[in-house]
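Chemist: The sequence and its predicted three-dimensional model are supplied below.
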Amino acid sequence: DTAVSQTPKYLVTQMGNDKSIKCEQNLGHDTMYWYKQDSKKFLKIMFSYNNKELIINETVPNRFSPKSPDKAHLNLHINSLELGDSAVYFCASSQDGGSGEPQHFGDGTRLSIL
Amino acid sequence: GQSLEQPSEVTAVEGAIVQINCTYQTSGFYGLSWYQQHDGGAPTFLSYNGLDGLEETGRFSSFLSRSDSYGYLLLQELQMKDSASYFCAVRDLGYKLSFGAGTTVTVRA
């Protein structure tokens, strides 16, 4: 069973479109995250939810909106896609966000904007 | 804010030992973690140091010196499958994990 699964794996779309990425974890974790990894492999936190409550909201354009319907799911909706949004988006989860808690990552969604 | 520095690339032969250094500046410090990422894959957790000293997990070890704001990941008995990117990451006062830019390790036969 996949621990953290995100869909779709690949997303190719045109500038200006709206798209969503879904993430689900079956680890029973309380905390979930969205990261963006650019072409230089720099991995940056975007959002984090703990038990459906937003706890991290980095400087991200408000075109990006996360939603957590329950603690096992964290989706990412992106409005008016721009060329600079092309990246790999990773969902991750951890038990409680504590210091030593490992984060478990999904396989990533490769977003390409045409 | 946080900043982390690690070398961008390291190349070594099979069986060798590689040390990846990481220096950090952070407003609050709650531990140093290391993650491995193969090309096209997901980052996977390798180790965590919350206190000074050495943590050993099989062929991999990680070290932390909080007074020096410094840590390293030691890869021993290198294997071809160890070719990957390795990221150090620090946790600050909140839940946020800030990653370094990554070190690409290439293992040659």
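Modeler: It's in.
Chemist: switch to C-alpha atoms for all contacts and neighbour counts from now on
Modeler: OK.
Chemist: Flag the shaky bits of chain A, pLDDT-wise.
Modeler: A:1, A:97 (pLDDT under 70).
Chemist: Strands along the chain, start to end?
Modeler: Here I'm looking at chain A. All strands of chain A, identified by DSSP state E, fall at A:4-7, A:10-13, A:19-25, A:31-37, A:43-50, A:53-57, A:64-70, A:73-78, A:87-94, A:104-105, A:109-113.
Chemist: could you do chain B instead?
Modeler: B:3-5, B:9-13, B:18-25, B:32-37, B:44-49, B:53-57, B:60-65, B:70-75, B:84-91, B:97-99, B:103-108.
Chemist: mind giving me a markdown table with the ones you listed and columns for distance to chain A?
Modeler: Below are the strands of chain B laid out as a markdown table (distance: least, CA to the nearest CA, whole Å):
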| stretch | distance to chain A |
| --- | --- |
| strand B:3-5 | 12 |
| strand B:9-13 | 13 |
| strand B:18-25 | 15 |
| strand B:32-37 | 8 |
| strand B:44-49 | 6 |
| strand B:53-57 | 13 |
| strand B:60-65 | 14 |
| strand B:70-75 | 15 |
| strand B:84-91 | 6 |
| strand B:97-99 | 6 |
| strand B:103-108 | 10 |
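Chemist: which stretch among these comes nearest A:Asn57?
Modeler: Between A:Asn57 and the strands of chain B, the tightest spacing by CA to CA is seen for strand B:97-99, at 12.6 Å.
Chemist: thinking again about what came up before, would you list the strands of chain B in a markdown table and tack on mean pLDDT, mean neighbour count and distance to A:Gly16?
Modeler: As requested, those are exported to a markdown table (pLDDT from 0 to 100; neighbours: other CA atoms under 10 Å in any protein chain shown; distance: least, CA to CA, whole Å):
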| stretch | mean pLDDT | mean neighbour count | distance to A:Gly16 |
| --- | --- | --- | --- |
| strand B:3-5 | 94 | 18 | 33 |
| strand B:9-13 | 97 | 14 | 37 |
| strand B:18-25 | 97 | 19 | 38 |
| strand B:32-37 | 97 | 25 | 31 |
| strand B:44-49 | 96 | 20 | 33 |
| strand B:53-57 | 95 | 13 | 47 |
| strand B:60-65 | 98 | 21 | 45 |
| strand B:70-75 | 98 | 21 | 43 |
| strand B:84-91 | 96 | 25 | 33 |
| strand B:97-99 | 92 | 22 | 30 |
| strand B:103-108 | 98 | 20 | 34 |
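Chemist: Wait, A:Gly98 touches B:Leu97, no?
Modeler: No: with contact defined as CA atoms under 8 Å, A:Gly98 does not reach B:Leu97; the gap is 10.2 Å.
Chemist: Spell out which residues of chain A are next to chain B.
Modeler: Proximity of chain A to chain B, by CA under 8 Å from any CA of the partner chain, involves residues A:41-45, A:55-56, A:90, A:97-100, A:102-108.
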